Every structure is written in C-alpha cells, then in structure tokens.
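Colleague: From the sequence below, what's the structure:
(chains A, B, C and D)
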2 protein chains.
Amino acid sequence: MKNSNSMPTMKDVAKEAGVALGTVSKVINGLPVGESYRLKVEAAAKKLGYQVNNYARGLKTNKTYTIALIIPSLIHPYFSLLTHELTKALAQRNYRTMLLLTDFDPQAEQACIQMMQQNKVDGAIGLTYNPNLKLDGNLPFVAIDRYFSSTVPCVAADNFGGGRMAAEKLNQLGCKKLAFLRTASSVPGETDKRRQGFESYCISQNLDYEILEFFDAQDTDPRFEQYLREHLVDGKLTIDGIFCGTDRMAFVIRNLLEEMGVSVPGDVQIIGFDGLRRFGDQELHCSTIVQPVEQIAQTCVNLVLTEDRSAVPAMICLPVSYAAGGTTRE
Amino acid sequence: MKNSNSMPTMKDVAKEAGVALGTVSKVINGLPVGESYRLKVEAAAKKLGYQVNNYARGLKTNKTYTIALIIPSLIHPYFSLLTHELTKALAQRNYRTMLLLTDFDPQAEQACIQMMQQNKVDGAIGLTYNPNLKLDGNLPFVAIDRYFSSTVPCVAADNFGGGRMAAEKLNQLGCKKLAFLRTASSVPGETDKRRQGFESYCISQNLDYEILEFFDAQDTDPRFEQYLREHLVDGKLTIDGIFCGTDRMAFVIRNLLEEMGVSVPGDVQIIGFDGLRRFGDQELHCSTIVQPVEQIAQTCVNLVLTEDRSAVPAMICLPVSYAAGGTTRE
DNA sequence: TTGTAAGCGTTATCAC
DNA sequence: GTGATAACGCTTACAA
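Modeller: Residues are numbered from 1 along each chain as shown, chains lettered A, B, ... in the order given. Predicted structure coming up:
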C-alpha cells in the first residue's frame, strides 16, 4: 500500500518539473544548478507543497539538527527559565529541542541517554543528578552545574564568586554575625561552591559565621526553624545577615522570621541566589546573587555544537551579579 | 568513507549472531522467532551495544513517536507548568517531546507547523495566538485555549464556569460591588469566557459590577491604577470584590491596592485565575480559580494520539476549582 | 552542468 | 520459522 495522500517526495517534484532527482536535491540544498532548472524545480516544489523529509535526510547525513535537553522538572522556575533560554539559543542556531524531563530520577536520566542514541540527536545538554551517569562517548554532552570529567564540558555560574559576593555584601551592609543556610543534593555539584565562597570570604575577613546545610532535605525542613528559634534572644535574632543557597530558601526563611516577629530587612538581612522573578518577569523575590542564565544557555549551546571536540574547555564559570530585592537595607 | 566508530547496525548484529537481517529485526521488535535464534541475537546485540536507529525506522514506518509542543514561552509559570505536565504525559505514553517556543510571534507559530512537517512528528499540541494559523490537515493537532474549527479539537479549562465561580464566591463572601479586571490578547480565545461567566452570574444575581478589560496591554498598564484611584473615596475603595483574569493580574492589583493603603482582604477581596504557586510548589499567590493543568495535559495527549480522527470532540472543557489563598476572608 | 545509481538502517513481503 | 530482497526519501559520488 503506497501512501496516497501523503506528502510529495523529491521524486514527485522531479517528475513534475521534468528534471532528474539529483537536480531537485541540489536545488533544495542550494547547490549550484542551471537557472532555468532551479526555477522549474522551485515552481514544481511550491505547486506540490513539497517539504523535505528530515528523517530520510538524517538517515543519510547523520545530522538531525536536534539537541536533547535533560532537565529535572519545569515546575521549579530556575529550571524553566534555563530551559527557555536553552531552547531559544538552539532555535537561533537552527536546532530543535527534544525535551526530556527526569524528575530528579537517576534511572530516568540514564534512560534519556539511551533514548538519545536511538533518536540520533546531535548532542545533549543536561542538568543531572545521577553521580555515575554513563554517557555515550561519541555524543557531545554538556553538563550544567556538574563536573563529570575533563572530556565533558561543564557550564556553571561562578558559584564560588557568588558566595563571596554575598558575604561581602552582607558585611558591607553592616552585618556582624552571618549564617549560610542551604539544602542540597547529596551528590556533589558546582552549587556546593556557594558555601565555599561564602566561607572563604568570612574567613579572610575574620567574620563571625555559621553554616547550616542539610542534604536531600526540603527547604521547609523543621531544622531550619529550630535553628532560628535557638538563635532568638529576647525577640531579637543573634544573627543579622543570612545568605541562603537559593531564592526559594531565602523566601522560606524570610517567612519563618516574619512569623517569629523578626523584621526583614530591619533586624536581619537576607541574600538569596538565582535571581528569579515573581511570575517570571516581575520583581525579585529577595535580594540575590543573579545567575547569568542567558549566557549560561548560550555557552552550553556553543559548546555542544562545537565541531572540534578536542578544543572544548572542561569547565566554564560565568560571572554573577548582585541585585537588591527588598531583603537588604540599601 | 564508511563511519568507523559509529553505532553497530542490524547488519552487524546479524553477522555477529550468524543469522539473517530479517531475524534480527524480528527479535528487536518482539515478533515471534525461534528461541535459540532470539538468544543468539540478544547476546550479539548486547555485546555490540546495538541501539535501534529511529531515523531509519521512522523513514520506513512513518511513525516517529514524537509530538511537537508549540508554546509561547517558559518564562510565565502557567506555560511552564503546562509544558511540564504535557511532557510528562507524553513520556508516560512513550512519546518524545519536541519543544517549540514562539514568543507569541504569529510568524514563528506558522514556521513551527512547517518544521513539524519536515520533522515528521506524529502530531502537535499548541497554545497559539495566530488567528489565521494555517495548519496541516494531515497532522493531528490539538489546540489549547483556542477554538479553530470543528476538526481541530480544543482543550481548555471551564473558563466560563470559573468566571461564574469567582463571582459566586465573592458574593458569598459578602462583596456588594464587584469588578472584573483583565488584560488579554486581541485574538479571541477560550479565556475570554472568564469574563462571560463572571458577568453571567452577576446579572443572574442582580449584582452590581464593572468590567475593565484591555487588549494587548500589560498587566501593569497605568489604566488599572487610574481606575482604582478613581474608585477611592476617603481612603476606601467603593469596590469590595475583584475578580482578576489571572493570578498575575491579581498580584499586580493587590500591590497597587496596598500601596494605596487599601487592605487586602480586609477592605477588598480578590480572586485570581490559574492556581499558580510560588516557586512552582509553595503557597498560592492569591485566592484563585485553579486550572486542572494535569488533566488538561492528559486530555491533550489522549486526543493527539487518538487514531480515529473522526471520533475526536471539537471541544473539551475541564472543571476548575476554587482555592483560598489569602486574598479573601474565610 | 545534468542525470544515474548506490547506499543510509530499517521494515515487510515473499519464497524457501 | 527463517532468510533474501525490495522499498522508505534522501544525499552524493560518478558517469554522461
């Protein structure tokens, strides 16, 4: 059974134009061909409504112009912002996005890379949590926020610098006793450096600080509230500057403090990390270290599309910036 | 030049297993084959790390197991939530997602449908704004929030019912003078029915109400503030119940009111629409009519994958629900 | 320059 | 039940 009402093929166009198949291919691909032939072919193609079949083309050329994006979830605004920018950056370079959501499941992540092999994508950009994700050595892969090995480029914000910046800012804003609050995945990643940068600054400046970090926990973990209550003396917090691992964490802490009657930023100033905005494009949720999401996306796309795999750097950190958002006094 | 370090093909597996090509194909596709052969083939496939080439398969079968998602943007949380649920629903049925972002650009929307033809996706789900989008009659298309024609199924929340529900709720909460505030695209869509439902209830109950609707405007359009100020008499708003077209609008209005010294929900109660949560999964932004996003996604996927195109309904409205979120007194 | 023909990796139709 | 073989729609030498 030949598909009757299906799309016309190059063969149909060739017949319609009265030229050979190869000639049609050349016209479609913009290769040099006699002007009169080109016109005939173009007319025939338009008349029949011809569209290339990228599956046939891909089979032949081994190029699909498709990049896989492996992302945990689009529910969290940072991930959806990142996905947005990545997809736009890919489209700009004429690449399509195959979106793969993993829900933070290491097995699903592994399944993605198999899927990618079967679907012959030209490469992948992934934000993953599987510590021993086994990737396909032949497939260009760019990791976000996680270092795999020197052959897998990793793109991240300057998390260390961001941590330092937060501590420095709080210091400049007059805070005397700092704290760093964070939840994190137990699998090590670039974002861990937010803490390291923070500590590094505090130590260098001889600042009084504490660290409260819980792995594989919720931002709403009761231990954070407990910690805050323990530091509440006569209705005043003994800490006056808090750096939170994410804007989300900052938001939770702020709520907790306000419930406890501690004023933000009056009594205690808070700086978050990410630079997310309410409803995606309105005000910041808090004063924060802003990730250069668009640059991160552009960099990932550039790297994954680089032909010369031997020339890609193992790691690229992009500069962050500070933005006031109502949880600091300035 | 034959690709040397490329993936093994069925031919390689056949040679390795010492069987014919066709036999390998049968094993891979789970078709009946002698047990001894099956084992030999499976062993050979595992040994060589064989993976099907979906491009070759798709070329032959005309099935790609890929659905295109046409979405304006992932920056707005409603769209990213929707995209999340759609992608999950597709994955559940073993379909891949090709993500196409349009930035609300009618031309980009049109380009998508051409892209889809070339990429031989099995169907598409689109939330579009191009009033005369020309779709491919052979390609299953499901529209979200916009009715095209009786042959293009449209899936939406029960916007009319939601509008009624909001008015009813405000009425029950004791509001005497209602208002509906909204910005919208100038191209008609299902969401317009939020207003109609609201009006319908107000009229049926003989409630005093006003409508303020601006097309192709920002939620932050100064005319909203102007409107509110005009209704401010002695520091009190002459309106005591506001239904906003979206949660985002509700948030903007609430801010405006609080700046004006009007207490929410003390002086005026507000209900939004969408049911979005802060950071995707925390508290609601406001009291709101919640869209059944997961159900919408499931329905879209079911429809786009329906084999019998003649059996699909032209329109499906899914039930909404009310959730209190701090901008109403209860 | 234009036309011809050999694949790309599958699936599917047949004889065996 | 198994194994050649012809498509699928395209690109690309290579021959005319």
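
Colleague: Need the nearest residue in space to A:Glu258, chain neighbours excluded.
Modeller: Spatially, and ignoring its direct neighbours in sequence, A:Glu258 is nearest to A:Val264 (6.5 Å; C-beta to C-beta, 6 or more residues apart in numbering or on different chains). (C-beta placed from N, C-alpha, C; glycine too.)

Colleague: hmm, I was thinking of A:Ile271
Modeller: Closest to A:Ile271 by C-beta to C-beta, 6+ apart is A:Ala166, at 4.6 Å.

Colleague: so what's that neighbour up against?
Modeller: Contacts for A:Ala166 (C-beta atoms under 8 Å, 6 or more residues apart in numbering or on different chains) come out as A:194, A:197-198, A:243, A:271, A:273, A:289, A:322.

Colleague: Among those, which lie within strands?
Modeller: Using DSSP state E, the subset of the contacts of A:Ala166 located in strands is A:243, A:271, A:273, A:289, A:322.

Colleague: At which residues are the helices of the stretch 201-330 of chain A located?
Modeller: A:222-230, A:247-259, A:293-305 (DSSP state H, counting those that start in this stretch).

Colleague: what packs against the last one?
Modeller: In terms of contacts (3 or more C-beta pairs under 8 Å, 6 or more residues apart in numbering or on different chains; DSSP states H and E), helix A:293-305 is packed against strand A:66-71, helix A:77-92, strand A:123-126, strand A:141-144, strand A:154-157, strand A:315-318.

Colleague: For the stretch 1-150 of chain A, which residues are neighbours of DNA strand C?
Modeller: Taking C-beta under 7 Å from any atom of the strand as the measure of proximity, the stretch 1-150 of chain A contacts DNA strand C at A:19-23, A:32-34, A:36-37, A:56, A:59-60.

Colleague: could you redo the last one with a cut-off of 10 Å?
Modeller: Proximity of the stretch 1-150 of chain A to DNA strand C (C-beta under 10 Å from any atom of the strand) is limited to residues A:1, A:10, A:14, A:17-27, A:31-38, A:40-41, A:55-62, A:118, A:120.

Colleague: Am I right that the residue nearest to A:Glu258 is in contact with A:Gly325?
Modeller: No. Between A:Val264 and A:Gly325 there is no contact under C-beta atoms under 8 Å: 11.3 Å.

Colleague: What number of residues are in the vicinity of the residue nearest to A:Val33 when sequence neighbours are not counted?
Modeller: Distance criterion C-beta to C-beta, 6+ apart; nearest residue to A:Val33, sequence neighbours excluded, is A:Lys26 at 4.7 Å. A:Lys26 has 18 neighbours, counted by other C-beta atoms under 10 Å in any protein chain shown.

Colleague: ok, A:Lys26 touching A:Gly34?
Modeller: No. Using C-beta under 8 Å, A:Lys26 is not in contact with A:Gly34, being 9.9 Å away.

Colleague: Quick one: residues contacting the residue sitting nearest the centre point of chain A.
Modeller: Taking C-alpha atoms, centre = their mean, the centroid of chain A lies closest to A:Leu82, which sits 4.0 Å from it. The neighbours of A:Leu82, taking C-beta under 8 Å, 6+ apart as the test, are A:71, A:127, A:144, A:293, A:296-297.

Colleague: Mean pLDDT added to the helices and strands packed on helix A:293-305, as CSV?
Modeller: Shown next, in CSV, are the helices and strands packed on helix A:293-305 (pLDDT from 0 to 100):
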stretch, mean pLDDT
strand A:66-71, 98
helix A:77-92, 98
strand A:123-126, 98
strand A:141-144, 98
strand A:154-157, 98
strand A:315-318, 98
